[in-house]
Every structure is written in C-alpha cells, then in structure tokens.
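*Asks:* Sequence first, then the predicted structure:
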Amino acid sequence: MTSRPRSRPAPGAIAIGLIVAALLLLVVIALVLRIDLVAGIRNAFDSLFPVRAATAQGQEIRNLYDIVFYFAAAIFLLVEGLIVWIVIRDRRKPGDNELPAQTHGNNLAEISWTLIPTVIVAFLFYISWQSLNKVEAVSLKPDLTVKAIAGQFQWQFVYLAEDGVTEAFTQVIPQGPGGGLSAPVGRNVLVLLESPDVIHAFYVPRFLYKRDVVPGQVNRFEFRLNEDEAGQTFGGQCAELCGIGHRTMTFEVNALGGAEFDTWLQEQIDKAPASPGPSGSAPPPAATLALVASGIVFDQATLSAPADEPFAIDLDNRDAGIPHDVAIRNDSGLVFNGQDVTGPGKVVDNVPPLAAGAYTFFCTFHANMTGTLTVQ
C-alpha cells in the first residue's frame, strides 16, 4: 500500500498565518500588560498628522496636508499591494524550469502611468495654490495690527493704533506672566515682521506657519484665532539660526476673548511708561549713570540710583550698525523704556523717580544684555 505525498501549504498561506499569529501575540501581550491598544493605535495614527490648528489660516494648511497625505497613502498602499501580489503570484514554482513569456512595451500601461500622475500633480498644484492664496491674504482693514521686532536675541511686540502707524503700547517681555503677544480670538490680526540685525523667523507650531523676518524689509501675515482657543497660551520661537543666543529667542501667544482683550490693551496703554523727552525737558537728574554697550554686552552688571528722585542713564553704543536701548522692569512689569540708538552713537535717557527696591535693566533687542539696578 503506497502513501500519498503530503501537500505543503502555499507560501502565501504561511505568510498570512505568521501575520495572524503575530497580531494575536500582540493582543495577548497588551491584555497582560493592560495596554489600551485602541488608544495606542489612535495616537500612532494621529502622530502622522500636524497638531490641531489654532487659527483659520492654520486650518487651511491642515486641510491641504490631509489631502496630500491621503493621496500619498493610497498610492503607497496600491504600489506595495501590487508588488506583494505579483511576488506571490509569479513566484517560481516546482517544475518552472523555463522563463515565462517576456513582454516588451505596453502602450496602455505607458499612457496610464504618464497620464494619471500628471492629473494628480495638476490637482495637487491647484489646491495648493488655492490654500496659499487664502493663507497669504491680508485684510484691507485688520482688527488689530502688531509689529513683531526680532533682535538678537529677544522679541518685542509693538501694538499699533487703528491707523496702523501710531504706536500705542510696546510689550518688551516676550513670555511669562504679563508678557508675550496677546491677541483676541475671532478677529483678524495683522503682524508686521521687522529685524534690526540678522534673519530670524516667526514660528508658532499651533499656527502651522513660519515666516522669515528679514532685515531691511517688512514681511507681513495675518491670522485669526479660533473662538474656542480663548484662554490658551501657545509657545513660539525663532526658527532660523540667528547666532549664539538663538535658543533664547522664544515667546508666547496669549489668546484672549474679545472683551477681555480690549480691557487688557487699554490697561496696558494707560500704564505704559511715557517715552523719554529730550534732555532738559525734565527736572535735572540727581545722578547720571554711565553705561557702555559693546560686543552685545553691557560693560556693567550692576547699577545704583537714588530713590524717589529722577536720574539719567548715559548709554554709549559702540556696536556699529546694531541697535541698543535701556529698559527697566520690576516684578510688576515694565517701568521705563529708553530711546533706541544704533551704534556708534550715544543717548541720554531721563528716568522718572523710582521707589526704593531692586530692578532689572536690560536691552529690549538682546536678551543677554541685562543687569541689576538697585534704587536706594
């Protein structure tokens, strides 16, 4: 009695069996370790996409990304699926000792792989152009205009009046309590980007947008924060390597409700320190403090001034082509902001009387230029 030879399972069936076994093993491990597989898969899928957009313009970019991603994913799965299918279908089988029939040229295939990619690229070009126009659009009369000045190595934000020219209030503290760029939700905010020194970049991840800040020209863009983002704070940074202090060029964007923002802005304007007048327009200073800026550092880390009396700061800027100034703040915020001077040059700031205590003096253009002012 002869026994029939046992048939071997097809390689495709073996591969499918191994995949199923591996998936079952993963499920068992997840159950034992109490891992939420559904949440893990969702997080892995979400990681393929950008963060949730906080602005209307950012949502346009996110929509464009989604379309391009799904096109790419479909093409990838189609191509890889066909490769696997062909490998399994046309694998060499027992008894295949001769080459199969060879095909040279296929007009239909050549037309298809030329025409289809052309149509896809043309479609992606069209929707990309549409999204670019929406993101780049600027209102004729924005609800708020802010000038963002990026200098080595600190940001400052100048809020402009309704005419878009007059400076209403300057925020020289880029982040932290009482600092950062505050903007209302649901309104069009125009940002004018200026740099007094080198190329920087304005980048907020939740905006899904980056714009270079180029010296000698004013770049601009507009954003509108979503209504549901009120109360949120977004981190921002310079995204262009701008020097040794690049890592310190961070800032925050505070999203405020419309009425809350209006109240906040008026409070800032009301308590903003008055711009220093020309020398001689104020009472004679009780003391004059000499300060030199050279090599993007102050020559002194500590200064001392009399309490409850006006005094002056004589700033000598020896950095050619680089702007400096002297501002003073305490725990409550900014108390004085001096005149800008581009080196080489000098300026004398008349500081109003300050109460006794410890203050910080700093250059609003360069975060590393700071020191301690003792008023006593």
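*Replies:* Perfect, I can see it now.

*Asks:* just checking, what packs against the helix or strand containing residue 86?
*Replies:* Secondary-structure assignment from DSSP states H and E places residue 86 in helix 56-89. For helix 56-89, the elements it packs on are helix 11-33, helix 107-136, strand 209-213, strand 219-223, judged by 3 or more CB pairs under 8 Å, 6 or more residues apart in numbering; DSSP states H and E. Any C-beta I mention is one placed from the backbone N, CA and C, and that applies to glycine too.

*Asks:* what angle separates that helix from strand 219-223?
*Replies:* Using axes from the mean of the first three to the mean of the last three CA atoms, to 10 degrees, the interaxial angle of helix 56-89 with respect to strand 219-223 works out to 90 degrees.

*Asks:* between helix 56-89 and helix 11-33, how big is the angle?
*Replies:* Relative orientation of helix 56-89 with respect to helix 11-33: 130 degrees, computed using the same axes, to 10 degrees.

*Asks:* Between the two ends of stretch 225-233, what distance do you get?
*Replies:* Distance between the two ends of stretch 225-233: 11 Å, counting by CA to CA, to the nearest Å.

*Asks:* on that earlier part again, which one of the helices and strands packed on helix 56-89 lies nearest to residue 195?
*Replies:* Closest to residue 195 of the helices and strands packed on helix 56-89 is strand 209-213 (CB to CB; 4.5 Å).

*Asks:* quick one: contacts of the closest one?
*Replies:* By CB atoms under 8 Å, 6 or more residues apart in numbering, the residues outside strand 209-213 that reach it are 55, 57-58, 61, 135, 148, 150, 193-195, 199-203, 219, 221, 223, 238-240.

*Asks:* same deal with stretch 337-345?
*Replies:* Stretch 337-345 is contacted from outside by 170, 172, 196, 273, 275-276, 293, 313, 315, 317-328, 347, 349, 351, 364-365, using CB under 8 Å, 6+ apart.

*Asks:* Narrow those residues to those in strands?
*Replies:* 170, 293, 313, 315, 317, 323, 324, 327, 328, 347, 349, 351 (DSSP state E).

*Asks:* how about these in TSV, adding distance to residue 302 and neighbour count?
*Replies:* As requested, those are exported to TSV (distance: CB to CB, whole Å; neighbours: other CB atoms under 10 Å):
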residue	distance to residue 302	neighbour count
170	26	19
293	16	24
313	14	26
315	16	25
317	20	22
323	24	20
324	18	29
327	16	22
328	13	22
347	21	18
349	18	25
351	16	25
